[in-house]
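J.: Sequence unavailable; structure follows:
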């Protein structure tokens, strides 16, 4: 399958926070849940998987991209946000295919590579 024929099954937005910005992250989460039909993932107050900082995930459908992403662009309140597609290639999805709002974090890509090859 070539890059131009890869199907995007969905998107994830990872909202990063720390103890001092958790309330901001909670406010964004509440607004996202009220405004859009998205799947709000669990709070991860410690780094998990490839994510070097506390975060929660927001999953949404490809047809929602044009609404959810612009809203996040205007409402991320200074928090770092990773937005990536779900194509089945976690390494590329989190790196080459990713968009960042706010500060870009260094992901643990080796974690993704190990999971992808196992």
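T.: Happy to help now that I have it. In this text the structure is predicted, and so the values were computed from the model without any measurement. Numbering: from 1, shown residues only.

J.: Report the distance from the top helix by length along the chain to the chain centre.
T.: Ranked by number of residues, the top helix in the chain under DSSP state H is helix 22-35. Chain-centre distance of helix 22-35: 14 Å, with C-alpha atoms, centre = their mean, to the nearest Å.

J.: outside of that helix, which residues touch it?
T.: 15-17, 38, 40, 45, 54, 56, 58, 68, 71-72, 75-79 (C-beta atoms under 8 Å, 6 or more residues apart in numbering). No exception for glycine: its C-beta is placed from N, CA and C like everyone else's.

J.: Run through the chain and note the low-pLDDT ranges.
T.: Counting by pLDDT under 70, the ranges of the chain that qualify are 1-5, 116-118.

J.: switch the cut-off to 90
T.: 1-6, 49, 108-118 (pLDDT under 90).

J.: quick one, strands of it?
T.: 10-16, 39-44, 55-60, 81-86, 99-101 (DSSP state E).

J.: Just send those back as JSON lines, with mean neighbour count and distance to residue 28 too.
T.: Listed next are those as JSON lines, based on neighbours: other C-beta atoms under 10 Å; distance: least, C-beta to C-beta, whole Å:
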{"stretch": "strand 10-16", "mean neighbour count": "22", "distance to residue 28": "6"}
{"stretch": "strand 39-44", "mean neighbour count": "14", "distance to residue 28": "11"}
{"stretch": "strand 55-60", "mean neighbour count": "20", "distance to residue 28": "9"}
{"stretch": "strand 81-86", "mean neighbour count": "20", "distance to residue 28": "9"}
{"stretch": "strand 99-101", "mean neighbour count": "15", "distance to residue 28": "11"}
